[in-house]
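Enquirer: just need the structure, nothing else, for what follows:
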Amino acid sequence: GGWPRFWRAMVWPVLVFAVFYLCQAPRLGVERIAGDGRWSLWELAWRVFLEHPWLGAGSGRYNAAFRELGLAPARDAITISHPHNLYLDLLYAHGIIGFSLGMIFLFGFLWWGWRGIRPQLARECRLPVFSGGVYWRLTAWFWLGYAGWLVNGVFGHDFYRIWWLALAMSHLGIMIGAVVNGGNMPPEQ
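Expert: Next up is the predicted model:
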């Protein structure tokens, strides 16, 4: 029934979290989290957004914008260039209008990809293990790479960090191409 499948589905995320915690235990202590400089950086981004709510302060203007308000980070150098949060970065830079359009794009493709991959992946996973069916499994990994970027964006770099954005958009592009072209594959592949 439903409960055994639910518990099996929960085992993998719990195991991944447990391994992550074991590898990152020093960074996940309460004192370390409470003393993290990101809290101050996020507050600065929020305050800049409140000054420019509709169209934002402009991309790459984080430092100039908080300085214009007479603000400074509590724990980081005054030269910090981004709030270490992709979502706050988009929000302060582009305001409600740009942020909304950006989220429609970013999460729209996440949702679209999942809708295209999930049924094909389920069908492929019902095939014998060594039947050569890996197309949708690989596509799902590229989807996960893109989804992981969106999760990492809560604590990560600025949105416009070139290598980071390029990696995420490469995962997204490969996933989109695989979903679009996957419809042209014969059913046995």
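
Enquirer: distance of the residue nearest the centre of the chain from Cys125?
Expert: By Cα atoms, centre = their mean, the chain has its centre lying nearest to Leu150, at 0.6 Å. From Leu150 over to Cys125 the distance is 24 Å, taken as Cβ to Cβ, to the nearest Å. Placement of C-beta: from N, CA and C, glycine included.

Enquirer: tell me the phi and psi of Trp54?
Expert: Backbone dihedrals for Trp54, given as degrees, to the nearest 10, come out at phi -90, psi -50.

Enquirer: what is the neighbour count of Arg137?
Expert: Per other Cβ atoms under 10 Å, the neighbour tally for Arg137 reads 13.

Enquirer: scratch that, Ser81
Expert: 14.

Enquirer: try the one 5 residues further on
Expert: Burial of Leu86 is recorded as 27 neighbouring residues (other Cβ under 10 Å).

Enquirer: how close does it get to Phe107?
Expert: Taken as Cβ to Cβ, the span from Leu86 to Phe107 is 12 Å.

Enquirer: following the helix or strand of the chain with the lowest mean pLDDT, which helix or strand shows up next?
Expert: Every helix and strand of the chain was ranked by mean pLDDT, DSSP states H and E. The lowest is helix 30-34, at a mean of 65. From helix 30-34 onward toward the C-terminus, using DSSP states H and E, the following helix or strand is helix 38-51.

Enquirer: how about that next one: buried residues?
Expert: Judged by neighbour count (16 or more other Cβ atoms under 10 Å), helix 38-51 contains these buried residues: Arg38, Ser40, Leu41, Trp42, Glu43, Leu44, Ala45, Val48, Phe49.
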